[in-house]
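[1] fold the following and give me the result.
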Amino acid sequence: MSASMITKKTIANALKKLMEKESFHKISVSDIMSACQMRRQTFYYHFQDKYELLSWIYKEETKENITDFLDYEKWEIIFDSLFYYFHKNQRFYRNTFKVTEQNSFQDYLFEHTKNLYIKIIDELLSESHLVMTGVIKQTLASFYSHGFVGTVKEWIENYCVVPPSDMALLMKHMINNQVVLLLQQTSDSSSLRG
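    Numbering: from 1, shown residues only. Below is the predicted model:
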């Protein structure tokens, strides 16, 4: 890992720690840099402002928890990891949901989970020897990704009362039952073949 990436992660972790107790709007760049014991100017070598830092955290951590695993990890394991990650970081994310001035966490999570759902749909189609147009596949992936993002947001806002293992299991059951049936029905419709 490069020195620049290590510094960015250190700064990001300082913000995350501060946001477990304090509103994003009340945290200054000086607070962040004081928490990670670095000079204030170091912040500006890496980020324009704290909003860019927050966007970087969303992008980097979503990538680390979804995209980096897409090519070699089973989708079921990715769901397990995601729910444990969000459970562990729930205080930070509850606070980030209140930040509306810039790119939101929901946007980043939606894009990455949409790619995850496309992978799932491709695998399920292949296993079932079914065919579906790219447009329909994209629409289904968008639909399920929106549902996933909304569910995760509500779960975090409600203090993750349901254990992460139960949430992951529920998602996997929904995919294995509802999505498979939907793919069969959608694939059987001649107007949607391609």
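[2] so what are the domain limits for this protein?
    1-47, 49-189 (automatic domain parsing).
[3] flag the shaky bits of this structure, pLDDT-wise.
    102-103, 187-194 (pLDDT under 70).
[4] could you pull out the helices for it?
    Per DSSP state H, the chain carries helices over the ranges 3-19, 29-35, 40-46, 50-65, 75-88, 90-96, 105-128, 134-157, 164-174, 180-188.
[5] will you turn those helices into JSON lines that also has mean neighbour count?
    To be clear about C-beta, it is placed using only N, CA and C from the backbone, and glycine gets the same treatment. Putting the helices of the chain into JSON lines (neighbours: other Cβ atoms under 10 Å) gives the following:
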{"stretch": "helix 3-19", "mean neighbour count": "17"}
{"stretch": "helix 29-35", "mean neighbour count": "17"}
{"stretch": "helix 40-46", "mean neighbour count": "14"}
{"stretch": "helix 50-65", "mean neighbour count": "18"}
{"stretch": "helix 75-88", "mean neighbour count": "18"}
{"stretch": "helix 90-96", "mean neighbour count": "19"}
{"stretch": "helix 105-128", "mean neighbour count": "18"}
{"stretch": "helix 134-157", "mean neighbour count": "16"}
{"stretch": "helix 164-174", "mean neighbour count": "16"}
{"stretch": "helix 180-188", "mean neighbour count": "15"}
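[6] D80 reaches S165, doesn't it?
    Yes. Shown here, D80 and S165 form a contact pair, counting by Cβ atoms under 8 Å, at 7.3 Å.
[7] could you find the closest non-adjacent residue to the spatially most central residue of the chain?
    Of all residues in the chain, the one closest to the mean position by Cα atoms, centre = their mean is L109, 3.4 Å from it. Excluding the flanking residues, the one nearest L109 by Cβ to Cβ, 6 or more residues apart in numbering is V149, at 5.1 Å.
[8] other residues contacting stretch 12-19?
    27, 31-33, 35-36, 50, 53-54, 56-57, 60, 89, 91-92, 95-96 (Cβ atoms under 8 Å, 6 or more residues apart in numbering).
[9] distance from the chain centre to it, please.
    Distance, stretch centre to chain centre, for stretch 12-19: 18 Å (Cα atoms, centre = their mean, to the nearest Å).
[10] convert it to CSV, retaining C-alpha atoms only.
    Extracted in CSV, the C-alpha atoms of stretch 12-19 (Å, rounded to 0.1, in the frame of the first residue of the first chain):
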residue,chain,number,x,y,z
ALA,A,12,-10.6,8.6,7.0
ASN,A,13,-10.4,6.5,10.1
ALA,A,14,-10.1,9.6,12.2
LEU,A,15,-13.2,11.0,10.6
LYS,A,16,-15.1,7.8,11.1
LYS,A,17,-14.1,7.7,14.8
LEU,A,18,-15.2,11.3,15.3
MET,A,19,-18.5,10.6,13.6
